[in-house]
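**Student:** Next comes the sequence, and after it the predicted model I'd like to discuss.
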Amino acid sequence: MSPRRFINLFPKKYFFLKLFNFLKFNFSRYTGFRFVNYLPITMDVEPTTGCNFRCTMCQVSSPDFEAKNMKLETFKKIIDQNKQLIKIKLQGMGEPFVNKYLFEMINYARKFGVSCEIISNGSLLNEKNSDNLINEKLAKLTISIDGATKNTFEKIRVNSNFDVVKKNVENFSKKIDKRIIRPHFSAWSTIQNDNFEEAEGIAELCRDLGFDDLTYQLFLTGWGKSEWEEKNNEKNINFNNEEVLKKFNYIKKKYSNKKFKIDIFKENILNFNKKCSWPWNSSYLGANGDVVPCCIVADPKVKNMGNINSNSFKEIWNSKDYRELRENIKNNKLNDFCKNCYSEYK
Ligand SMILES: C[S@@+](CC[C@H](N)C(=O)[O-])C[C@H]1O[C@@H](n2cnc3c(N)ncnc32)[C@H](O)[C@@H]1O
Ligand code: SF4
Ligand code: SF4
């Protein structure tokens, strides 16, 4: 972890509460208990399911996908009940900037020593929004870069404008350049058949745009939905192929330097020996307060553990559903929505 990432994550408030919770988590993490006596260390909180893009591989593009914004009071309730959190990712299925309370959310979380990260499509990262993120001391901003050329970028990221995203990124890079306290600035590239050939170009572009790092995600998920799994499996590259891995390792070596790092993320390669850890250390809070097991599921229609407006998070975290999910993962008796994460079912 870079010194900046560490400083950005270091809790300035409620330190001992967070430390104590973290120690309890560490103490019991290897037991795989169904009932846990601590609360999550991190969370994904979805500010909105609304989006101005319709990316070809994203479930937000389904005609029946509903756009909802999280209310500020729901967000406050989540933080009030989870002051032990070290970090939240303000992200989900949607574009975070669509929610007009985004900056108030970051501000509120930071009052409780919870550092915030955002992943965005970059289209709404204008002057004002950029300044707000810096002023609210966002810990990390990630922008999705799925193409090195206008053609590919706009083919995948339907409704986008490559030039606008590039300009916004350039402006943000300039703003944070030479600042000591500033968000870590990352690029995320979801590799699929349509942009595989541009992988090297994406590294070059991201380095030149001033990102601190780039992660290639070599796998598309289907969010536990058969229609999306089928559709996205067709778009998936074969990341187990030696030549493919060689290519990404070559790019990594060629473009990584002191100021720019490259990572390769080969899906959540889980198996019966390397089990999912989500139900023990994190949770996903949907835009209307629904609690979902993880960001792979994301849509409460697939699995809903409860709603923060009906029960406290603490009750939901050790509810029958959560205890069953932990038990199933521990015993390798996976729920259907989990199977796509495990190599044994591929
Ligand atoms: C769902 S988006 C939400 C944030 C924001 N709207 C964005 O595009 O960055 C978060 C990330 O998921 C990626 N993504 C979209 N569909 C995906 C899929 N089927 N599998 C894996 N990642 C996906 C996007 O490219 C993006 O990098
Ligand atoms: S911009 Fe993000 S949320 Fe919107 S459709 Fe694309 S991947 Fe999905
Ligand atoms: S195994 Fe299940 S809980 Fe874990 S990430 Fe996959 S879908 Fe989510």
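**Tutor:** That came in fine, so what should we check first? Ligands and ions are numbered 1, 2, ... in the order given.

**Student:** quick one, strands of this structure?
**Tutor:** With strands called from DSSP state E, the chain shows them at 42-45, 87-90, 115-120, 140-144, 184-190, 213-217, 261-265, 284-285, 290-292, 306-307.

**Student:** Get me the contact residues on the stretch 151-300 of the chain for ligand 3.
**Tutor:** Within the stretch 151-300 of the chain, the positions lying close to ligand 3 (Cβ under 6 Å from any ligand atom) are 268, 270, 276, 278, 293-294, 296-297. C-beta here means a position set from N, CA and C on the backbone, and glycine is covered the same way.

**Student:** Between the residues you listed, which sits nearest ligand 1?
**Tutor:** For those, the closest approach to ligand 1 (Cβ to the nearest ligand atom) belongs to residue 296, at 8.7 Å.

**Student:** who's in contact with residue 44?
**Tutor:** Residue 44 sits next to 88-89, 91-92, 282-285, 294-295 when contact means Cβ atoms under 8 Å, 6 or more residues apart in numbering.

**Student:** Tell me, what's the model's pLDDT at the residue in the stretch 1-150 of the chain positioned nearest to ligand 3?
**Tutor:** The minimum distance from the stretch 1-150 of the chain to ligand 3, using Cβ to the nearest ligand atom, falls at residue 44 (11.1 Å). We note a pLDDT of 97 for residue 44 in this prediction.

**Student:** ok, now how distant is it from residue 119?
**Tutor:** 10 Å (Cβ to Cβ, to the nearest Å).

**Student:** Need the overlap of contacts for the two.
**Tutor:** Residues touching both residue 44 and residue 119 by Cβ under 8 Å, 6+ apart: 89, 91.

**Student:** where exactly do the helices run in the stretch 51-200 of the chain?
**Tutor:** Assigned helices in the stretch 51-200 of the chain, in chain order: 72-80, 102-111, 127-135, 150-156, 162-176, 199-209 (criterion: DSSP state H, counting those that start in this stretch).

**Student:** Mean neighbour count and mean pLDDT for those helices - can I get that in TSV?
**Tutor:** As requested, these are exported to TSV (neighbours: other Cβ atoms under 10 Å; pLDDT from 0 to 100):
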stretch	mean neighbour count	mean pLDDT
helix 72-80	18	98
helix 102-111	20	97
helix 127-135	15	96
helix 150-156	17	98
helix 162-176	17	97
helix 199-209	19	98
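
**Student:** could the ones you listed go into TSV alongside distance to residue 301?
**Tutor:** Formatted as TSV, those follow (distance: least, Cβ to Cβ, whole Å):
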stretch	distance to residue 301
helix 72-80	18
helix 102-111	24
helix 127-135	30
helix 150-156	25
helix 162-176	30
helix 199-209	33
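
**Student:** Adding distance to ligand 2, write the ones you listed out as CSV.
**Tutor:** Below are the helices of the stretch 51-200 of the chain laid out as CSV (distance: least, Cβ to the nearest ligand atom, whole Å):
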stretch, distance to ligand 2
helix 72-80, 19
helix 102-111, 14
helix 127-135, 15
helix 150-156, 8
helix 162-176, 10
helix 199-209, 16
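
**Student:** And those helices: which comes nearest residue 305?
**Tutor:** Closest of those to residue 305 is helix 72-80, at 13.7 Å (criterion: Cβ to Cβ).

**Student:** Let me know the angle separating the closest one from helix 102-111.
**Tutor:** 20 degrees (axes from the mean of the first three to the mean of the last three Cα atoms, to 10 degrees).

**Student:** does residue 343 really touch residue 269, like I thought?
**Tutor:** Yes - at 6.2 Å, residue 343 counts as touching residue 269 under the criterion of Cβ atoms under 8 Å.

**Student:** quick one on the thing from earlier: please report the distance of the residue of the stretch 1-150 of the chain closest to ligand 3 from residue 309.
**Tutor:** 18 Å.

**Student:** what's the answer for residue 248, then?
**Tutor:** 43 Å.

**Student:** Which of those two has more residues huddled nearby?
**Tutor:** Using other Cβ atoms under 10 Å as the criterion, residue 248 and residue 309 rank with residue 248 on top: 21 against 12.

**Student:** which non-adjacent residue is nearest that one?
**Tutor:** residue 264 (5.1 Å; Cβ to Cβ, 6 or more residues apart in numbering).

**Student:** same question, residue 165
**Tutor:** Distances taken as Cβ to Cβ, 6+ apart put residue 122 closest to residue 165, at 4.1 Å, once the chain neighbours are dropped.

**Student:** So the one you found versus residue 169, what's the distance?
**Tutor:** Taken as Cβ to Cβ, the span from residue 122 to residue 169 is 6 Å.

**Student:** what's the answer for residue 295, then?
**Tutor:** To residue 169, residue 295 is 23 Å away according to Cβ to Cβ.

**Student:** Over to residue 216?
**Tutor:** 17 Å.

**Student:** And for residue 8?
**Tutor:** For residue 8, the distance to residue 169 equals 19 Å [Cβ to Cβ].

**Student:** contacting residues for whichever residue of the stretch 101-250 of the chain sits closest to ligand 3?
**Tutor:** Proximity of the stretch 101-250 of the chain to ligand 3 (Cβ to the nearest ligand atom) peaks at residue 224, 6.0 Å away. Counting by Cβ under 8 Å, 6+ apart, residue 224 touches 296-297, 302-303, 336-338, 340.

**Student:** Near the nearest residue to it once chain neighbours are set aside, how many other residues are there?
**Tutor:** Nearest non-adjacent residue to residue 224, counting by Cβ to Cβ, 6+ apart: residue 337, 3.2 Å away. For residue 337, the count of nearby residues is 20 (other Cβ under 10 Å).
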